[in-house]
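Undergrad: Just to be clear, the model below is a prediction. Sequence and coordinates:
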Amino acid sequence: MQHNAHDETRRLASLAVVADGAVDHPLDLRSALVELGANLQREQTLLQTVVDSVEDLIFAKDRQGRFILSNRALRDGCGLEAGSRTRDLFEADLVVGYEETDYRIFATGQPVTADEIIPIHGEPRLFQTVKVPWIVGGDICGVIGVSRDITARQAAEDAVRESEALYRSILEASADCIAVIALDGRLELVNEPGRRAMEIDESVSALGRQWTEFWPKPAKAKVAFALDTARSGKVARVSVKRPGGRGIPKWWDILVTPIRDGQDHVTRLLSICRDVTESKAASNRLKWTSEHDALTGLSNRSAFQAHLDAAAMRSTRTGDPFGLLLLDLDHFKHVNDTLGHAAGDELLQAVADRLRTGTRPTDFTARLGGDEFAIIVEQIGDEHVLRRTGDAIAARLNQPVGIGGRMVSAGVSIGGALFPRDATTAFELFNNADTALYALKASGRGGLSMFRNQMRQQAQHAASQLSLARAALQQNSIVPLYQPKVDLRTGEIIGYEALLRWIHPTRGLQGPDTVQEAFKDYELASGIGDVVRGAVIADICGWLHQGVRFGRVAINAAPVEFLRDDYAEHLLRQAADAGVPASFLEVEVTEHVFCERGADHVARALRLLNHEGVRIALDDFGTGYSSLAHLRDFPVDVVKIDRSFIQRMAEDDEVSAIISAVIGLARSLSLEVVAEGIETDLQRKILEEKGCSHGQGYLLGRPAGRDSVTRGGGRLAIP
C-alpha cells in the first residue's frame with residue numbers, strides 16, 4: 001500500500017501524544033509505539049489483501065490525482081506504479097472525463113456514479129464507477145472509487161435491446177394481426193398493423209378484452225377451440241369468416257401457439273391471424289378450373305368421376321338407385337370438317353347450355369372430352385324415369401342449332417345404365433352405360449339405349465377378339481393369303497388382293513372376322529397392318545427376283561391406321577427399304593374411312609400415295625354414304641362393287657340396275673371396276689354383259705399362299 005510519508009509521521013506523533021499520558025517511562029513509550037506500529041502494519045496488510053482479492057478496480061486518489069491506494073486488478077490491468085497519477089496512465093481525452101467527476105465530488109462533496117471507458121491491458125472496457133469523497137478531519141482530501149467491468153453486461157443489454165427492436169419492427173411491419181393472449185383469453189398485446197387489418201376501432205381499448213369478442217358469433221366457437229387447444233400445449237389452426245368494416249366478409253386463417261417458460265409451462269398464447277380472402281378466392285378459382293371444362297363450363301371428367309364414385313357409395317349405403325347417361329354427338333365431326341373448329345366449339349357450347357337448362361338441379365352434368373357428355377341422374381325410382389330423362393335430352397339436342405348463319409343438327413346417341421341394378425361399382429356402371437352407347441352406335445346412331453345383359457356378352461365377345469388379335473401378334477402367327485383379280489374377258493390375272501389370315505394354335509387358319517374388333521383399336525390395327533405390309537412387300541420382292549408376273553398387290557387399310565397421320569410415309573418407307581417400286585402396290589379403303597376420325601389425315605395420305613404411284617381402290621362401294629362425293633374428292637383409281645350386290649343382282653332388278661349405274665359411272669370417270677364375291681358362272685356372265693371388266697371371287701380363285709402366285713401367273717380357265 002502506498003501512502004504519504006508526512007501523513008504517516010503526523011499519525012505517529014499523534015499516537016505518541018496519546019501514549020504520553022498512558023506510560024510513565026520512556027522504555028514503556030517505546031514499546032507502545034512499536035506495538036502500535038505493528039498493529040497498524042497488520043491492518044494495512046489485511047486491508048490490502050482484502051482489496052486485492054476483489055475483481056473490481058478499487059482505488060483512492062488525492063486531490064492532485066495521485067493514487068494513494070489501489071488493488072491488484074487496477075495495478076495489473078492499467079500498469080499502475082507507486083505515485084502514479086491519472087494523467088500518467090491514460091489518454092488525455094479519458095483523463096478529462098475521470099477528472100471531471102473528481103472535481104464534481106470536490107465541489108459538492110456528493111458521491112458520483114458514472115460509466116467510464118478504462119483500458120485494461122490496452123483493451124478499452126466499459127466500467128461503472130462509483131466515487132465518494134475521501135474525508136479526513138472534515139476535509140475532502142481526495143476520492144475513493146470502485147469500478148466494475150460492465151462490458152459483457154452492456155453488450156448483453158444492447159443485444160436484448162436490439163432484439164427487442166428487431167422483434168418490434170417485425171411485429172409492426174407484419175401485415176398479419178399478431179396478438180399475445182393471456183391464458184384466461186384476455187388480449188395483452190396486438191400489433192398496430194394487425195389492429196388496422198382487422199379493422200378494430202382505435203377509439204376502443206383492445207387490451208384486456210376477451211380475444212373471442214373480436215370475432216362474430218359463427219366464428220367464436222372455432223376461435224375458442226383454438227385457444228383451448230393451445231392452452232393444452234398444442235398448436236391450433238382454424239379458418240373463419242369475419243365481416244369487414246364495409247360489410248364485405250373476409251376469410252381469416254388463425255394460428256394459435258403456446259408460449260412456454262423455462263420450465264416448459266404454457267404461460268401465454270400467441271395468435272397470428274392472416275387475411276386469406278384473396279388466396280381463398282384464388283384457391284376457389286383454381287379448384288373450379290380443375291373441376292370444370294374451360295370451353296363449356298360444365299364439370300370435367302375428373303369431377304365427374306369423383307361424383308360418380310360418391311353417388312355409388314351413397315346408393316350402396318342407402319339403397320336409393322341412380323342412373324347414368326353417356327352422350328355422344330352423332331354429327332360433330334361433320335360440323336368440324338365442314339364449318340371449322342370454331343363452329344364445332346360453338347356447337348359444344350350450345351349443347352352444354354341445353355343440358356344445363358334441360359336437367360334438374362339434382363342431376364350432375366359433365367363434359368368428358370371431345371363430343372362426349374355424361375349425366376348422373378339421382379333421385380329416380382326406376383328405369384322409366386331415366387328413360388324419360390334421356391328421351392327429353394335427346395329431343396332437346398336434336399333441335400337444330402344456329403351456327404354461322406346456318407342451322408346445324410348435331411344429333412345424339414345415349415347409352416344408359418342403372419345402379420345398382422346393372423352394376424355394383426361406379427367403374428362397372430360406367431362401362432355398362434358405355435357398352436349400351438357402343439351397341440346403339442353399332443346398330444345405327446340416334447336415340448337412347450339402356451344397358452341389357454346381352455350387351456355385356458357382346459362386349460365380352462369384342463374383348464375376346466381383341467385378346468385373340470394380341471396373341472396373334474405376339475406369336476407371330478399372322479400371314480397374308482392372295483386372291484387373284486381377273487380380267488373377265490380374257491381370264492388373265494391382273495393382280496392380287498392380300499387377305500389377312502392368322503393361325504390359331506388349335507383351330508388352325510382363321511379369317512379376319514375372328515379379330516374384327518382389333519381394327520377399331522389403333523395399336524392393334526397398326527400392328528397387324530404393319531405385319532401384313534411387311535410380309536406382302538417381302539413376297540413382292542421375292543417374286544420380282546424370280547421374274548413372276550403378278551400385276552399389282554392390294555393391301556387393305558383400316559380407318560384407324562390413319563389416325564397418326566403417318567400411314568403413307570410408313571408404307572412408302574417399307575417398300576423403299578425392300579427395293580419394291582410403289583407402282584406394284586395398291587391400297588384398298590372402305591367408304592367408312594372418310595367418315596371416321598382423322599378423315600383429313602386419310603385424304604393427305606391417299607394423295608401422297610397416289611402421287612408416288614400407289615393405286616387407290618375404294619372397297620365395298622355403294623354400302624356407305626356420299627359415294628359420289630368420295631369419287632370426286634379423293635384420288636380413287638379403282639371401284640370395287642360389294643359382294644352383297646353381286647349375290648342379289650340375278651334376282652333383284654333394282655340391285656342389277658345399281659350395278660349397271662356404277663359400272664357406267666366408273667367408265668365415264670375412267671375408273672377401273674372390280675366386282676367382288678363372284679361365285680357362279682351366271683354372275684360372271686351378267687357382269688361381263690354389263691361391261692364389268694374385272695372381278696374376283698371363289699369362282700375365279702380362292703385365297704392361297706405366296707407359292708400360288710408363283711404357280712398361277714397368266715390366264716385362268718373360265719368356262
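TA: Cool, got the structure.
Undergrad: so how far does stretch 180-188 reach from one end to the other?
TA: Distance across stretch 180-188, first residue to last, is 5 Å (Cα to Cα, to the nearest Å).
Undergrad: which residues touch it?
TA: 179, 189-190, 206-212, 214, 227, 231, 256, 259, 266-271 (Cβ atoms under 8 Å, 6 or more residues apart in numbering). C-betas here are computed from N, CA, C, even on glycine.
Undergrad: Which ones among these lie within strands?
TA: The strands, defined by DSSP state E, take in Ala179, Leu189, Val190, Val256, Ile259, Val266, Thr267, Arg268, Leu269, Leu270, Ser271 from these.
Undergrad: re earlier: list buried residues within the contacts of stretch 180-188.
TA: Buried by 16 or more other Cβ atoms under 10 Å: 179, 190, 206, 210-212, 214, 227, 231, 256, 266, 269-271, out of these.
Undergrad: now, which of those residues sits nearest Gly402?
TA: Checking the buried ones among the contacts of stretch 180-188 against Gly402 with Cβ to Cβ, the nearest one is Phe214 at 57.1 Å.
Undergrad: Next up, the contacts around that closest one.
TA: Leu187, Met198, Ile200, Ala206.
Undergrad: Out of those, which comes closest to Ala394?
TA: Met198 (55.8 Å).
Undergrad: Grab the nearest non-local neighbour of that closest one.
TA: Excluding its sequence neighbours, the residue lying closest to Met198 (Cβ to Cβ, 6 or more residues apart in numbering) is Cys177, at 5.1 Å.
Undergrad: Spit out the contact partners of Met198.
TA: Met198 sits in contact with Cys177, Phe214, Arg242, Trp252, Cys273, where contact means Cβ under 8 Å, 6+ apart.
Undergrad: Redo the residues you listed as a markdown table? Include distance to Leu69.
TA: Listed next are the contacts of Met198 as a markdown table, based on distance: Cβ to Cβ, whole Å:
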| residue | distance to Leu69 |
| --- | --- |
| Cys177 | 61 |
| Phe214 | 65 |
| Arg242 | 71 |
| Trp252 | 69 |
| Cys273 | 64 |
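Undergrad: Just give me the closest of those to Gln483.
TA: Lowest distance from Gln483 to the contacts of Met198 (Cβ to Cβ) belongs to Trp252, with 79.8 Å.
Undergrad: Tell me how many other residues surround the closest one.
TA: Neighbour count of Trp252, defined by other Cβ atoms under 10 Å: 22.
Undergrad: Please name the bridge partners of the residue lying closest to it once chain neighbours are set aside.
TA: Nearest residue to Trp252 in three dimensions, chain neighbours excluded: Cys273, at 5.1 Å (Cβ to Cβ, 6+ apart). Cys273 has these beta-bridge partners by DSSP bridges: Cys177, Ile254.
Undergrad: Tell me, how many residues neighbour Cys273?
TA: If you count neighbours by other Cβ under 10 Å, Cys273 ends up with 24.
Undergrad: Just the pLDDT for it.
TA: We have a pLDDT of 88 for Cys273.
Undergrad: hang on, it packs against Asp176?
TA: Yes. Between Cys273 and Asp176 there is a contact under Cβ atoms under 8 Å: 6.3 Å.
Undergrad: Surely the residue nearest to Met198 touches Glu199?
TA: No. Counting by Cβ under 8 Å, Cys177 does not reach Glu199; the two are 10.2 Å apart.
Undergrad: Between those two, which has more neighbouring residues?
TA: The neighbour comparison of Cys177 against Glu199 (other Cβ under 10 Å) goes to Cys177, with 23 against 14.
Undergrad: any idea how far Leu227 is from that one?
TA: 15 Å (Cβ to Cβ, to the nearest Å).
Undergrad: Equivalent analysis for Gln110, please.
TA: In terms of Cβ to Cβ, Gln110 sits 55 Å off from Leu227.
Undergrad: for Glu612, same thing?
TA: For Glu612 relative to Leu227 (Cβ to Cβ), the value is 81 Å.
Undergrad: follow-up on the earlier one: out of the contacts of Phe214, which comes closest to Gly705?
TA: Met198 (88.7 Å).
Undergrad: How much space separates that closest one from Val240?
TA: 12 Å.
Undergrad: Overlap in contacts, the two.
TA: Contact criterion Cβ under 8 Å, 6+ apart; residues shared by Met198 and Val240: Trp252.
Undergrad: what bits of this protein have low per-residue confidence?
TA: 1-30, 32-34, 36-37, 163-173, 201-204, 245-247, 442-445, 595-598, 622-629, 712-719 (pLDDT under 70).
Undergrad: Grab the longest strand from it for me.
TA: Longest strand in the chain, counting by DSSP E: strand 123-136.
Undergrad: List the contacts of the closest residue to Arg85 other than its chain neighbours.
TA: Spatial nearest neighbour of Arg85, excluding adjacent residues (Cβ to Cβ, 6+ apart): Gly65 at 4.3 Å. By Cβ under 8 Å, 6+ apart, the residues touching Gly65 are Arg85, Thr86, Arg87, Glu99, Asp102.
Undergrad: again, only using 7 Å
TA: Arg85, Thr86, Arg87, Glu99 (Cβ atoms under 7 Å, 6 or more residues apart in numbering).
Undergrad: Go through the residues you listed and give me the one with the most neighbours.
TA: Thr86 (19 neighbours).
Undergrad: Go ahead and confirm that residue touches Tyr98.
TA: Yes. Between Thr86 and Tyr98 there is a contact at 5.3 Å, judged by Cβ atoms under 7 Å.
Undergrad: If we go by neighbour counts, what in the helix or strand where Leu572 lies is buried?
TA: Leu572 belongs to helix 567-578 when assigned by DSSP states H and E. Neighbour-count burial for helix 567-578, counted by 16+ other Cβ under 10 Å, picks out Tyr567, Ala568, His570, Leu571, Leu572, Gln574, Ala575.
Undergrad: Would you point out the most distant pair within those residues?
TA: Across the buried residues of helix 567-578 (Cβ to Cβ), the longest gap, 12.9 Å, separates Tyr567 and Ala575.
Undergrad: what does stretch 261-273 rub up against?
TA: With contacts defined as Cβ under 7 Å, 6+ apart, stretch 261-273 is touched by 176-183, 188, 194, 198, 211, 227, 230-231, 233, 252, 254-260.
Undergrad: Grab the CA positions of that stretch and hand them over as PDB.
TA: C-alpha atoms of stretch 261-273 as PDB (Å, rounded to 0.1, in the frame of the first residue of the first chain):
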ATOM      1  CA  ASP A 261     -41.400 -20.500 -19.900                       C
ATOM      2  CA  GLY A 262     -38.000 -22.100 -18.900                       C
ATOM      3  CA  GLN A 263     -39.800 -24.900 -17.200                       C
ATOM      4  CA  ASP A 264     -41.800 -25.700 -20.300                       C
ATOM      5  CA  HIS A 265     -45.000 -24.400 -18.800                       C
ATOM      6  CA  VAL A 266     -47.500 -22.600 -21.000                       C
ATOM      7  CA  THR A 267     -47.700 -19.000 -19.800                       C
ATOM      8  CA  ARG A 268     -49.300 -17.200 -22.700                       C
ATOM      9  CA  LEU A 269     -50.700 -17.800 -26.100                       C
ATOM     10  CA  LEU A 270     -49.600 -16.300 -29.400                       C
ATOM     11  CA  SER A 271     -52.200 -15.800 -32.100                       C
ATOM     12  CA  ILE A 272     -51.300 -14.900 -35.700                       C
ATOM     13  CA  CYS A 273     -54.300 -14.100 -37.900                       C
END
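Undergrad: Great, nothing more from me.
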